[in-house]
Structures are given as C-alpha cells and as structure tokens.
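Peer 1: okay, here's the prediction I keep looking at, along with the sequence it came from:
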Amino acid sequence: MSVNRKVPMRQCVGCQEMRSKKEMLRILKTAEDEVVLDATGRKNGRGAYLCFSRECLKKARKNRGLERSLKMSIPSEVYDNLEKELDEIGVE
C-alpha cells in the first residue's frame, strides 16, 4: 500500500500561478523588517513566493504583490537588491 503525500503549493506574487514550494523562491520579511531572499525556505519570518523568473519579479513590482504579501511598503532599493541576488543564483 503506497502513501500519497501532499505537495505544498504556493502562489507566485508576480504571475499568480500556483506551483510546488520547491519550484519557487521565498522572499522573507525578518523581525527587523528586512527583506531578504531565503534560499533554504526555512528561515523564520513572513514569506512570499516568486517563480524563478525575472519577469515575475517585474510583475510583482508593478502590481505591488510583494508589498501586499509582506504587509509593508518596499523601497525600490530592495527590488534592485533582489534582482542582483537573482543574477547571482543564475535566474533568467
């Protein structure tokens, strides 16, 4: 008898698509109100998810999806830093 495990699904704040948690990037708001990229997906704090796509980050910036998910206003420098971090991990 096999056990079917439930795959955790998350919604991208850019394109609004549902994907498995492993296929997405987690962006985290820490207790100190910093916004960082959570590569492990296990750090403490409020998280929002993005696809591995620069286009989704642009959409999230335009529709303020990241701001709604993290419940805070996000300055443009943070978006610029996220773009640089995406470049470092090799996202198209």
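Peer 2: That came through fine. Nothing here was measured: the structure is a model prediction, and the numbers come from that model. Residues are numbered from 1 along each chain as shown.

Peer 1: per-residue pLDDT, residue 14?
Peer 2: Confidence at residue 14, expressed as pLDDT, is 94.

Peer 1: next: residue 72.
Peer 2: 92.

Peer 1: likewise for residue 92?
Peer 2: Note for residue 92: predicted pLDDT of 66.

Peer 1: what do you get for residue 39?
Peer 2: On pLDDT, residue 39 comes in at 81.

Peer 1: how about the nearest residue to it, chain neighbours excluded?
Peer 2: Excluding its sequence neighbours, the residue lying closest to residue 39 (C-beta to C-beta, 6 or more residues apart in numbering) is residue 89, at 7.5 Å. Using the backbone N, CA and C atoms, a C-beta is placed for each residue, glycine as well.

Peer 1: low-scoring stretches of this structure, by residue?
Peer 2: 92 (pLDDT under 70).

Peer 1: mind listing the strands for it?
Peer 2: Secondary structure of the chain (DSSP state E): strands at 9-11, 18-20, 24-29, 35-38, 46-51.

Peer 1: wait, residue 53 touches residue 91, no?
Peer 2: Yes - using C-beta atoms under 8 Å, residue 53 and residue 91 qualify as a contacting pair, with a distance of 6.7 Å.

Peer 1: any chance of the strands of the chain in CSV with distance to residue 84 as columns?
Peer 2: Listed next are the strands of the chain as CSV, based on distance: least, C-beta to C-beta, whole Å:
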stretch, distance to residue 84
strand 9-11, 23
strand 18-20, 24
strand 24-29, 14
strand 35-38, 10
strand 46-51, 15
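
Peer 1: got JSON lines for the ones you listed, with mean neighbour count and distance to residue 65 too?
Peer 2: Converted to JSON lines, those look like this (neighbours: other C-beta atoms under 10 Å; distance: least, C-beta to C-beta, whole Å):
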{"stretch": "strand 9-11", "mean neighbour count": "16", "distance to residue 65": "9"}
{"stretch": "strand 18-20", "mean neighbour count": "12", "distance to residue 65": "14"}
{"stretch": "strand 24-29", "mean neighbour count": "21", "distance to residue 65": "10"}
{"stretch": "strand 35-38", "mean neighbour count": "18", "distance to residue 65": "13"}
{"stretch": "strand 46-51", "mean neighbour count": "21", "distance to residue 65": "8"}
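
Peer 1: no further questions, thank you.
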